[in-house]
Structure formats: C-alpha cells, structure tokens
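**Student:** Here is the input, now give the coordinates:
(2 chains)
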2 protein chains.
Amino acid sequence: MPRQIDFYFDFSSPYGYFASTQIEELGKRHGVAVRWRPILLGAIFKVSGVVPIALVPLKADYFNRDTARFARLLDVPLKMPSQFPFGTVTACRAFYLIDRGDPEAAVRLAKAIFHAAFAEGRDICPVEHIAEIAAAAGFDGDAIMAGIQDGEVKTILKQAVDEAIQRGVFGSPYFLVDDEPFWGVDRLAQVEAWLARGGW
Amino acid sequence: MPRQIDFYFDFSSPYGYFASTQIEELGKRHGVAVRWRPILLGAIFKVSGVVPIALVPLKADYFNRDTARFARLLDVPLKMPSQFPFGTVTACRAFYLIDRGDPEAAVRLAKAIFHAAFAEGRDICPVEHIAEIAAAAGFDGDAIMAGIQDGEVKTILKQAVDEAIQRGVFGSPYFLVDDEPFWGVDRLAQVEAWLARGGW
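**Tutor:** Residues are numbered from 1 along each chain as shown, chains lettered A, B, ... in the order given. Okay, here's the model as predicted:
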C-alpha cells in the first residue's frame, strides 16, 4: 500500500493552487500522509527547455479560460495576479523555514500564500508581503522576515529543487505516490485510484 | 444544451488514440454527435512553437510510463510504434476521402488506423499500409490508394488544419463542445460534466 504522497508545486502555478485545495482531503480519505514540496519551476524549465503555458502562443487564451472554468468546477475563488508568471523564491524560503520545525504549520502557511496569490490576486514576491500574509495566518512576521535570509533555509530549498529534478519532476503540480509519478491537477482522479487499488 | 463534440486529434498521438476509444460512448450517453477531425499537429506546432512531449528532456520518461499506465487503466491494448513521432498525412487524407461521403464509415476507418498504430505498433506512414489497414476494415484498398492523391482531398485536409488553428486547437486530443474548448484526454471527465450540466 502506498504510504506517502509527495506534492511538488510552484507557488506561481494556479493548477498547483487548485491541487492544494484538494490534496489534504484526498490523503485523509486513504490514510496517506502528504508531504508538501514547493519548488522553483523556473530552475527546472532551464533543464527541460519547457516554456510556461501562459507564454505559448495559442495556449495562453486556453490557459485563461481553463483556469477560470476549473475554479468554478472546484468552487474555489480565483483572481489571477496582474503580474504573471512571478517569482516564488521568498515564498519557498518562508515555507521551508517553518517546515524545518513544523511541517503541519508549513502547510497552513502554504495555503495562506496560495490564497493570497490566487484567491486575492496579491503580489507575493516582496518579502514584506510574505511576512504580512504569514502574520495574518498566525505566524511571527518579523521572524519570517529574518529567517528568510538564513543560509540553512536557502540550502534546504536548493536541495528540494535538486531532489525534484533528480526524481523527474518537470511541472506543477506533480505528485509522487511513493515512487509513482503523476503530473497535473487533472491526474488527481488517477492518484486517488492508485491509492484505492494500490496501483494497477 | 450542447449539440456536438468536435474531436480534434493527430493519428500519431497516443492520447488521441485513448480518446478515440472513449468518445463515441461518451457522446451516446448524452445524445450528442461526435465529429472526428484528424489534423496535422506538426503544422500547428510550427505556429505554437510547442515541442512534442516525447522529445522534451525529463518529460520523455514520464510520457512512456504515463501512456502505458493510462492504457492499463482504460483496459485498451498499447504497443507503441518503433518510429515515434511519425507522419500522418496519408492517414488523414484517407480519412477525409471517406468522410467526404460517409462520416460514420470514416470513424470506422479512423479506429482501424489508430488500432494498427497503437494496439499493433504498425508503421502507418506508407500509403500501402493505410490501404492494407483499410482493406482489412472492409474498405476498397485500391480506391483509397488512388483517392489519397485526389486534389480535393488534399484541400479538405488543409482546410481542416486551418480551421483547427483558427479555433485555437494546439494539441491532441482537443475537444470543442459547441465552442467550449477542452484539451487532453484527461479532460474527458470535464467534457462529460459539461454535457451533463449544460456548462457551469
């Protein structure tokens, strides 16, 4: 039986946001732990040569329509940030700063960041914004402002991205159920079937 | 209520093959006609700049695993042709040659071509192979050999590709439910929900 879902995502991915609203309940339904792993997709795109969908001619219009339609289907709010795509180094560092000591708290922070970016359309790049979002979610904003500069946190983030590349992650969201890879929020039904059947 | 599904696909797309095994039943469940539209994705990739997934570093391994897993889930045979991707001009022309007079027969031919390519792993590029596949499916192979060279059929194919580009089609399979676009076999559940609810 699978025992863990590694949930890789980029904080600038609306499909990652959609997955973040579903994955914890999915894990609970099958008694499987979810390990959240924010990554920097830009670093991975440099390896894969992939261009973000929103920047590809023809695909961009579809992307806008698809994300809006997907949000309505899931009944979750969606307000795209005016600047897109955007950098997520600060958000990732804040996550791993908390995750180092308290993974469950880090999931709360990740949800707050995703909500700010895609339900409120906020700019989550500046460190001050991440501190505000964290503070509103019950974290110590000043500690996060300081901790983001921590060399150990930077190293943890770099290791997470390297590990993702090494495991073949090339998009967001990307799920590894033990070692079985599933790419895309539209594969959550297959992730669930895999957990229910123990593979096929 | 939606009245038609336009089913765009490339004969070299295994995900198009998977969709071809599902779409007729899906249409029937909702009393909606399916219009099959084979296209030349290579011509569209020239516009979009997209690189086929099987040729992207990191993605290729996932692609092989995902297609095999998808086939097992759908319980359809899959044997990838040794040459991949491959050209489909001949297959498309044969389709439109038949489709011009008998769209239902063209669907039968399309299924036979897909089966040869992805269930048997046959090379469907040579015109002789298409004629053989067609003959085995009850068509007049000699008439197809001759008809493939018909200028009008070439024009119909070109028009189908141009129409697809104009409607924003950029991948395979790609569904337009009336004018609502859905990309990917993994969106069939959304296509079905769209038909059942009349949109959302």
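**Student:** What parts of chain A come near chain B?
**Tutor:** Within chain A, the positions near chain B by C-beta under 8 Å from any C-beta of the partner chain are A:44, A:47-51, A:56-59, A:61-62, A:65-66, A:69, A:72-73, A:165, A:168, A:170, A:181, A:183-184, A:186-187, A:189-190, A:193, A:200. (C-beta placed from N, C-alpha, C; glycine too.)
**Student:** what residue ranges in chain A are flagged as low confidence?
**Tutor:** Low-confidence segments of chain A, defined by pLDDT under 70, are located at A:1-2, A:48-55, A:57.
**Student:** Just to be sure, which of the residues of chain A next to chain B are found in strands?
**Tutor:** Using DSSP state E, the members of these that fall within strands are A:181, A:183.
**Student:** List only buried entries from the residues of chain A next to chain B.
**Tutor:** Buried residues within the residues of chain A next to chain B, defined by neighbour count using 16 or more other C-beta atoms under 10 Å in any protein chain shown: A:44, A:48, A:50, A:56, A:58-59, A:62, A:66, A:69, A:165, A:168, A:170, A:181, A:183-184, A:186-187, A:190.
**Student:** Quick one: residues contacting A:D10.
**Tutor:** Taking C-beta atoms under 8 Å, 6 or more residues apart in numbering or on different chains as the criterion, A:D10 is in contact with A:16, A:38-41, A:88, A:172.
**Student:** Widest-spaced pair of those residues?
**Tutor:** Pairwise distances across those (C-beta to C-beta) peak at 12.3 Å, for the pair A:G16 and A:L40.
**Student:** Would you mind telling me which of the two has more residues around it?
**Tutor:** For A:G16 versus A:L40, the count of surrounding residues by other C-beta atoms under 10 Å in any protein chain shown is larger for A:G16: 27 against 21.
**Student:** quick revisit: top of the contacts of A:D10 by number of neighbours, please.
**Tutor:** Most crowded among the contacts of A:D10, counting by other C-beta under 10 Å, is A:P38 at 30 neighbours.
**Student:** Provide a list of residues in contact with A:D142.
**Tutor:** So A:D142 contacts A:A131 (C-beta under 8 Å, 6+ apart).
**Student:** can you pull out the strands in chain A?
**Tutor:** Assigned strands in chain A, in chain order: A:4-9, A:33-38, A:174-177, A:180-183 (criterion: DSSP E).
**Student:** how far is the third one from where the chain is centred?
**Tutor:** Between the centre of strand A:174-177 and the centre of its chain there are 12 Å (C-alpha atoms, centre = their mean, to the nearest Å).
**Student:** any idea how far A:K79 is from chain B?
**Tutor:** The span separating A:K79 from chain B equals 18 Å under the rule C-beta to the nearest C-beta, to the nearest Å.
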